[in-house]
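Asks: kindly generate the corresponding structure for this input.
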Amino acid sequence: MDFLISNAWAQQGAQGEPNALITFLPLIILFVLFYFLLIRPQMKRAKEHRQMVEALAEGDEIVTNGGVAGRITALGDNFIDVEIADKVTVKVQRQSVSSVLPKGTLKEA
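Replies: Presented below is the predicted three-dimensional model:
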């Protein structure tokens with residue numbers, strides 16, 4: 001019965017060690033892709049938001065992250081007063097401003 005089963009001989013080992021650069025190349029490529037597709041655009045958006053928040057001035061019409069639209073009546077270091085209706089003012093954090101609207105977007109009632 002031995003003639004039906006062939007012997008399994010070990011193959012020759014690889015000559016030398018694999019190149020370290022070839023070994024880590026997929027990891028390097030993945031990091032570069034993450035940087036250009038995720039990290040860099042996020043840093044750019046954060047920089048633009050920081051510049052917008054620093055440039056806020058009284059009279060600007062804004063929208064907060066919660067969707068409240070209003071006109072800035074007073075500025076502080078961390079908080080701003082936003083008039084959302086006639087004689088109705090709320091205090092919000094500067095960082096919660098999501099966008100500045102063009103002048104005249106909010107009509108006087």
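Asks: now name the helix or strand holding R71.
Replies: Element membership of R71 [criterion: DSSP states H and E] is strand 69-75.
Asks: where's the helix-or-strand element of the chain with minimal mean pLDDT relative to the chain centroid, distance-wise?
Replies: The helix or strand of the chain with the poorest confidence is helix 20-34; it has a mean of 92 (mean pLDDT, DSSP states H and E). Here helix 20-34 is found 23 Å from its chain centre; the criterion is Cα atoms, centre = their mean, to the nearest Å.
Asks: go on, stretch 83-96?
Replies: The answer for stretch 83-96 is 26 Å, by Cα atoms, centre = their mean.
Asks: could you work out the end-to-end span of it for me?
Replies: 15 Å (Cα to Cα, to the nearest Å).
Asks: what residues does it touch?
Replies: Defining contact as Cβ atoms under 8 Å, 6 or more residues apart in numbering, one finds that stretch 83-96 is touched by 53, 56, 64-66, 68-73, 76-82, 109. C-beta coordinates here come from the backbone N, C-alpha and C atoms, glycine included.
Asks: for F79, give me its contacts.
Replies: 91-94.
Asks: including distance to I22 and neighbour count, could these go into CSV?
Replies: Below are those laid out as CSV (distance: Cβ to Cβ, whole Å; neighbours: other Cβ atoms under 10 Å):
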residue, distance to I22, neighbour count
K91, 59, 11
V92, 54, 19
Q93, 50, 13
R94, 50, 16
